[in-house]
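**Q** Build me a model:
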Amino acid sequence: MTRRIPLVVLAAIMLFVLSTMGVAYALWAEALTIDGTVYTGEVYGEWTSCICNDDVLDPLPNPWPYSYPIPVRKDVGSTSCSIDPNDPRIMHLTILNGYPSYWGNCEVHFANTGTVPIIIRGYRVVPENFTLASKNGAEDGEIWVKYWDGVGAQLEPCEAPEGFDCENAASVQFHVEQPALENFEYKFDVVVCIAQWNESPTLDACLAATP
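**A** Predicted coordinates for the structure are as follows:
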C-alpha cells in the first residue's frame with residue numbers, strides 16, 4: 001500500500017533541494033515614465049506708428065471747449081514723436097516752441113506682436129523734464145497728457161489668421177498749461193501695459209509684473 005507524503009513535508013524537501021543547488025529568486029521591476037513638453041506663449045506688444053497732427057498750422061481742440069470765438073490758427077509750436085529704436089514698447093514725444101493753450105494730437109498704433117491674446121490694461125506718461133497736470137486746464141503742472149481709445153482694447157496675435165484685430169488705433173493728446181516755461185522744450189514718454197486676455201490686474205500690478 002502506497003503512502004502519500006504530506007504537502008508540508010514535500011514543501012520542506014523542495015526548499016532544501018533548491019537551497020543546496022544555489023538557486024536564487026529575483027524580483028524584476030521597472031518604473032515607466034512619461035515625458036511631456038509644454039511650450040509657453042509670449043505676452044508682448046509694441047508701438048508700430050506715430051503721426052502728430054501738426055500740419056504747419058497749430059492744431060486746435062475739436063470740438064472747441066471755450067466760450068470765446070475760435071482764434072485764427074498760427075504756425076508757432078510743433079510736436080514730434082518717435083518709437084524707441086531699442087525698445088518699441090516706448091514712444092517718445094517732444095513739444096517744440098509750445099505755449100499756454102497749445103494743443104496737440106498724435107495718432108498712434110499699438111500691435112500685439114506676441115503669441116497670446118492681450119488686453120491693454122493701462123498706460124503711464126513719463127515726463128522727462130516737467131510736472132504732469134492732473135487734468136486739462138489745471139495749473140498744477142505744465143502739460144496735461146491723455147492716451148485715448150486704447151485702454152481695454154483686446155488684441156489677437158498678429159500671426160493669427162486674417163480677420164482678427166491685432167492692432168489698435170488710438171491717440172495721444174496733450175494741452176500746454178499756464179505754468180509752462182518760455183523757451184523750453186518739453187519731452188515725455190508714453191508706456192502702455194498689457195496683460196494676457198483673461199487677467200485683469202491694476203496698472204501698478206501690471207507694470208510690476210513687466211520684465
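
**Q** Is Thr131 in contact with Ala138, as I believe?
**A** No - Thr131 is beyond contact range of Ala138, at 10.5 Å (criterion: C-beta atoms under 8 Å). Heads up, the C-betas are built off the backbone N, CA and C, glycines and all.

**Q** which stretches of this protein have low pLDDT?
**A** Counting by pLDDT under 70, the chain contains low-confidence residues at 1-25, 160-164.

**Q** Which stretches in it count as strands?
**A** Counting by DSSP state E, one finds strands in the chain at the ranges 45-52, 78-83, 90-96, 103-112, 118-127, 143-148, 154-155, 167-176, 186-196.

**Q** helices and strands around the fifth one, which ones?
**A** When you say that, I think you mean strand 118-127. If contacts are counted by 3 or more C-beta pairs under 8 Å, 6 or more residues apart in numbering; DSSP states H and E, strand 118-127 sits against strand 143-148, strand 154-155, strand 186-196, helix 203-208.

**Q** Show residues contacting the first one.
**A** Applying C-beta atoms under 8 Å, 6 or more residues apart in numbering, the external contacts of strand 143-148 come out as 95, 123, 125, 127, 130, 132-138, 170-177, 180, 186, 188, 190, 192.

**Q** Just give me the neighbour total for Glu167.
**A** As a burial measure, Glu167 scores 16 neighbours (other C-beta atoms under 10 Å).
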